[in-house]
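Student: missing the sequence, but the structure's below:
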């Protein structure tokens, strides 16, 4: 299996979990084994970080947690969700976890969900039934 040159890691500069690109390794002089420290660059802010190769490998292996469909709550824009809650979106046919909650400028509540197949998507929540008809009309 080919090594990926990207990882998901918390950037120390922009303080967000972003995709980090492998830039290179720092090898001890005269050593033939793989480098113990590797340089990664944040694809968002372009700042570099020297990370421990063992920690990076553990992060890569630890991010493959599968969400069980039977434990998920069905998504509906009328419901309210909590951070870390597993949801199933029937229209997208995907499961994911709520990672962020926001309130938009027009007062509508939104959630950011990290789906297994589709990645991060923003969805609306806590929309009253009468407001749904109003939004569809406009």
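Tutor: Ah, there it is. Keep in mind it's a predicted model, so treat the numbers as computed, not measured.

Student: Can you pull the phi and psi angles for the most centrally placed residue in the chain?
Tutor: Residue closest to the average C-alpha location in the chain (Cα atoms, centre = their mean): residue 114, at 5.1 Å. Backbone torsions of residue 114, given as degrees, to the nearest 10, read phi -100, psi 100.

Student: What are the structural domain limits within this structure?
Tutor: 6-62, 69-137 (automatic domain parsing).

Student: any chance of these in a markdown table, plus mean pLDDT?
Tutor: Shown next, in a markdown table, are those (pLDDT from 0 to 100):
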| stretch | mean pLDDT |
| --- | --- |
| domain 6-62 | 76 |
| domain 69-137 | 85 |
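
Student: Quick one: the strands in this protein, in order.
Tutor: For the chain, the strands defined by DSSP state E occupy 6-10, 17-26, 37-42, 48-52, 73-74, 86-89, 94-103, 109-115, 119-125.

Student: And the fourth one, what does it pack against?
Tutor: Here strand 48-52 touches strand 17-26, strand 37-42, going by 3 or more Cβ pairs under 8 Å, 6 or more residues apart in numbering; DSSP states H and E. Every C-beta, even on glycine, is put in place using the N, C-alpha and C of the backbone.

Student: got a list of contacts for the longest one?
Tutor: With Cβ atoms under 8 Å, 6 or more residues apart in numbering as the contact definition, strand 17-26 has outside contacts at 5-11, 34-45, 48-50, 53.

Student: one step back: do you know which of the helices and strands packed on strand 48-52 lies nearest residue 107?
Tutor: strand 17-26 (27.6 Å; Cβ to Cβ).

Student: so what strands line up beside the closest one?
Tutor: strand 6-10 (antiparallel), strand 37-42 (antiparallel) (DSSP bridges).

Student: most packed of those strands?
Tutor: strand 37-42 (a mean of 19; mean count of other Cβ atoms under 10 Å).

Student: is it true that the residue nearest to the centre of the chain touches residue 120?
Tutor: Yes - under the criterion of Cβ atoms under 8 Å, residue 114 makes contact with residue 120 at 5.3 Å.
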